[in-house]
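Colleague: starting from these lines, generate the structure:
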Amino acid sequence: MATEAFTVNPKDLKSPTNSVTVITGGSSGIGLQTAILLHQICPNNKIVALDRNPPVSSAPKELTSSDRFLFLQCDLTSWTAQRDAFQKAADKFGAIDNVFVNAGIAEYGDQFFKDEMDGQGKLKEPDRRVYTVDLNAANDTVKLALYHMRHRKDGKKGGSIVMTASLAGYLASAGAPLYSAAKHGIVGLMRALKNDCATLDIAISVVAPGITLTEIISGRDKGESLPDWAKRMRGQGVPINDPGEIAASVVWLFSQGMGGNGKGLLVQAGRTADIEGGIAKTRGQWMGKEMLDLFRGGRKAPLFPNKL
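Modeller: Predicted coordinates for the structure are as follows:
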């Protein structure tokens, strides 16, 4: 069965309600749009944005001045900074129900085919900032999300974690090898955690945007605005997302509760499809019958037992 695409209409979203959501990279782009949508859905939703910088000037005042919104300046590459920010969020609002693991950066430089030398004339160590932000910091966010969801003081159980992967996390981009590898890592992390998370009533999933209009986009002509770049790309047939369309898919995943566990939503031109579901249904095609039968024959052996 083919994977069916659908559209998430923000006006149809009625949940989550009465929830506390932590968003990394929540001051702009997809993170900010997710905060706005959650704030609008329910008058009792509370949002905590973690970011290096405060919300952009275009952020609506009804969000940034709300007593249901908390911005915490945070260097997400620092474990102690993230740990302390999560604790402040929990102390402020009592618990953490949802976490959007969203902060990220684009490919930085050419780490494979451009050779730079250090002060001794030897090949310089590659710059690993893309992994540091897009994978390592994201791993820390997931660890903190699981900790707070497992140690709630309000007597409730579980929660929901959504991670920002990318189309490049499924179909690698030749021009962005480190970014693609990091986003493949995000998809792999979700797959590896989803069974154990399910035993804790914690849903974990990914949203995988195609090209989305955020400030991390590179490749613009000198002086070209983001809207002008989008118009030029759309004119050439490139499917472009607006950040609000990704935010709607994120909130939709939160609204599914445990029904969202293990999903991987690819979003292109505002249309959404559960890629993980499609991959699971077609294992016989991409693995082949012999390999699939061999895999299934040994999957009950205690090679990699669940941790819980």
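
Colleague: give me the contacts around the strand or helix carrying Ala81.
Modeller: When secondary structure is defined by DSSP states H and E, Ala81 falls within helix 79-93. With C-beta atoms under 8 Å, 6 or more residues apart in numbering as the test, helix 79-93 has contacts from 20, 22, 46, 48, 50, 70, 72, 74-76, 96, 137, 140-141, 144-145, 147-148. To be clear about C-beta, it is placed using only N, CA and C from the backbone, and glycine gets the same treatment.

Colleague: contacting residues for the most centrally placed residue in the chain?
Modeller: Among the residues of the chain, the one closest to the centroid is Thr164, at 1.6 Å (C-alpha atoms, centre = their mean). Thr164 makes contact with 30, 100-102, 104, 186, 206-207, 209, 246 under the criterion C-beta under 8 Å, 6+ apart.

Colleague: average pLDDT across stretch 20-27?
Modeller: For stretch 20-27, mean pLDDT is 98.

Colleague: which parts of that stretch are buried?
Modeller: 20-27 (16 or more other C-beta atoms under 10 Å).

Colleague: do the same with stretch 87-103
Modeller: Quick answer for stretch 87-103 (16+ other C-beta under 10 Å): 89-90, 93, 95-103.

Colleague: show me where pLDDT drops low in the stretch 201-308 of the chain?
Modeller: Scanning the stretch 201-308 of the chain for pLDDT under 70 picks out the ranges 216-218, 303-308.

Colleague: how about the helices in it?
Modeller: Assignment of helices within the stretch 201-308 of the chain using DSSP state H, counting those that start in this stretch yields the ranges 226-235, 243-255, 275-281, 283-287, 289-298.

Colleague: who does the first one touch, helix- and strand-wise?
Modeller: Judged by 3 or more C-beta pairs under 8 Å, 6 or more residues apart in numbering; DSSP states H and E, helix 226-235 has no packing partners among the helices and strands.

Colleague: neighbours of Asp193, how many?
Modeller: You called it Asp, but residue 193 is Leu. 19 (other C-beta atoms under 10 Å).

Colleague: quick check: buried residues in stretch 202-210?
Modeller: For stretch 202-210, using 16+ other C-beta under 10 Å, the buried residues are 202-210.

Colleague: about what we covered before: can you list the helices of the stretch 201-308 of the chain in JSON lines and add distance to Ile36?
Modeller: JSON lines is the format used below for those (distance: least, C-beta to C-beta, whole Å):
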{"stretch": "helix 226-235", "distance to Ile36": "18"}
{"stretch": "helix 243-255", "distance to Ile36": "7"}
{"stretch": "helix 275-281", "distance to Ile36": "26"}
{"stretch": "helix 283-287", "distance to Ile36": "39"}
{"stretch": "helix 289-298", "distance to Ile36": "44"}
